[in-house]
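Trainee: got a sequence here, can you build the structure:
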Amino acid sequence: MDRLRAFEVFATVVSRGSFTRAADALDTSPANVTRYVNELEAHLGTRLLNRSSRRLSLTESGEALYERCKSILDEVAEAEALASAGSIHPRGRLRINAPLSFGILHLAPLWPRFMARYPDIGLDVELSDRVVDLVEDGYDLAIRISRAGSASLAARKLATSRNVIAASPAYLDRHGTPRTPADLQAHECIIYSHIGSEWPLVDPAGKPCPTKVRGQLYTNNGDSARAAALADRGLIWQPTFLIGDDLRAGRLVTVLPDYRLPDIDILALYPSRRHLGAKVRVMIDFLVEAFSGIAPWDAGIAR
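Mentor: Numbers count the residues shown, from 1 in each chain. As a prediction, this is how the structure comes out:
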């Protein structure tokens, strides 16, 4: 039995959620996929997957093996990429999907530098807040703002952005500055609908203190929330990558600075580390380099 191939097949079955979809992804037959999983279970002397007509689920042994398989396959893919880096010249068209606001503010300025460095790579960049399926929609790479990553895709962290509560000085002059999370309930809050009206604050001692807020405006777009806050309409919870310039310029002021909100990661997602194309690899390395050190949106903002 080719154990590395068996690990790859097993990990693909788990990430895709079925033997048939794993076979499609690996360009083989469902019978071959079943054979590899059966042989792996026989070799290890334990069941890895619970199978039913409707769904698959991992056993305790399967869950432990899956996490190790992902690490092993990632390391193998990194080794392959390093070995081939000097012999494969990156070229071709690279299709990228990225969130609208982040793409405009922080990615668009980078594209000219990338194209100057890699003149044989063409870029096809789509900005959309819709979560795309990289494989079905034909993207090579997606940039996502996430706290959870993706179970079915490989990911590399590019940067972290803080989340803060902020308001305009004029709003705070008129309505007062909240001193505790409970004070938020007396204020007008501009609610980002992807988050909802319960803000998961954590106090200085690390104790969660989720707080319900109210507001006249709900929106699924961070720029709309920012515009309302700048127009003195209330408090917002937004990432520093979106409102960092406003905080530095004093157009917005951080509220409840001693209380934390969950940070978010900026991730580069791609279908698989295995056989990672040269054009994708150099783009990921370029973005890691561009966002290394202190993220530009957090520079000059007190924690």
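Trainee: low-scoring stretches of this protein, by residue?
Mentor: Within the chain, the ranges that satisfy pLDDT under 70 run 53, 78, 80-88, 147-153, 272-276, 302-303.
Trainee: could I get the full set of helices for it?
Mentor: Ranges of helices in the chain, per DSSP state H, are 3-16, 19-26, 30-44, 60-85, 100-102, 111-117, 134-137, 169-175, 222-230, 240-249, 278-290.
Trainee: and the first one, what does it pack onto?
Mentor: Using 3 or more CB pairs under 8 Å, 6 or more residues apart in numbering; DSSP states H and E as the contact criterion, the secondary-structure elements in contact with helix 3-16 are helix 19-26, helix 30-44, strand 56-58, helix 60-85. To be clear about C-beta, it is placed using only N, CA and C from the backbone, and glycine gets the same treatment.
Trainee: nearest to residue 192, of the helices of the chain?
Mentor: helix 222-230 (5.5 Å; CB to CB).
Trainee: so who does residue 142 touch?
Mentor: Shown in contact with residue 142 (CB atoms under 8 Å, 6 or more residues apart in numbering): 96, 97, 98, 132, 134, 268, 269, 270.
Trainee: go again with 10 Å.
Mentor: 95-99, 126, 128, 131-134, 150, 153, 155, 267-271 (CB atoms under 10 Å, 6 or more residues apart in numbering).
Trainee: sorry, back to before: mean neighbour count added to the helices of the chain, as a markdown table?
Mentor: Converted to a markdown table, the helices of the chain look like this (neighbours: other CB atoms under 10 Å):
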| stretch | mean neighbour count |
| --- | --- |
| helix 3-16 | 20 |
| helix 19-26 | 18 |
| helix 30-44 | 16 |
| helix 60-85 | 15 |
| helix 100-102 | 19 |
| helix 111-117 | 12 |
| helix 134-137 | 13 |
| helix 169-175 | 14 |
| helix 222-230 | 19 |
| helix 240-249 | 19 |
| helix 278-290 | 18 |
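Trainee: got CSV for those, with distance to residue 200 too?
Mentor: Output for those, formatted as CSV (distance: least, CB to CB, whole Å):
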stretch, distance to residue 200
helix 3-16, 28
helix 19-26, 34
helix 30-44, 39
helix 60-85, 26
helix 100-102, 21
helix 111-117, 35
helix 134-137, 29
helix 169-175, 23
helix 222-230, 17
helix 240-249, 17
helix 278-290, 28
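Trainee: out of the ones you listed, which comes closest to residue 215?
Mentor: Nearest to residue 215 among the helices of the chain is helix 222-230 (9.3 Å), distances taken as CB to CB.
Trainee: elements contacting the closest one?
Mentor: Helices and strands touching helix 222-230, by 3 or more CB pairs under 10 Å, 6 or more residues apart in numbering; DSSP states H and E, are helix 100-102, strand 163-167, helix 169-175, strand 189-192, strand 218-219, strand 235-239, helix 240-249.
Trainee: quick revisit: and the contacts of residue 142, which are buried?
Mentor: Buried members of the contacts of residue 142, counted by 16 or more other CB atoms under 10 Å: 95-99, 134, 150, 153, 155, 267-271.
Trainee: spatially, which two of the residues you listed are the most separated?
Mentor: Greatest spatial distance among the buried ones among the contacts of residue 142 (CB to CB): 99 and 271, at 19.0 Å.
Trainee: returning to what we had before: which among the helices and strands packed on helix 3-16 is found nearest to residue 245?
Mentor: Judging the helices and strands packed on helix 3-16 by CB to CB, what sits closest to residue 245 is helix 60-85, at 35.9 Å.
Trainee: rewinding a little: ok, which of the helices and strands packed on helix 3-16 comes nearest residue 181?
Mentor: The nearest among the helices and strands packed on helix 3-16, by CB to CB, is helix 60-85 at 35.9 Å.
Trainee: residue 49 pairs with what?
Mentor: Judged by DSSP bridges, the bridge partners of residue 49 are residue 58.
Trainee: touching, it and residue 9? I think so.
Mentor: No - counting by CB atoms under 10 Å, residue 49 stays clear of residue 9, with 11.5 Å between them.
Trainee: quick check: neighbours shared by those two?
Mentor: Overlap of the contact sets of residue 49 and residue 9 (by CB under 10 Å, 6+ apart) consists of 19, 37, 40.
Trainee: adding distance to residue 280, write those out as a markdown table.
Mentor: Output for those, formatted as a markdown table (distance: CB to CB, whole Å):
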| residue | distance to residue 280 |
| --- | --- |
| 19 | 27 |
| 37 | 29 |
| 40 | 29 |
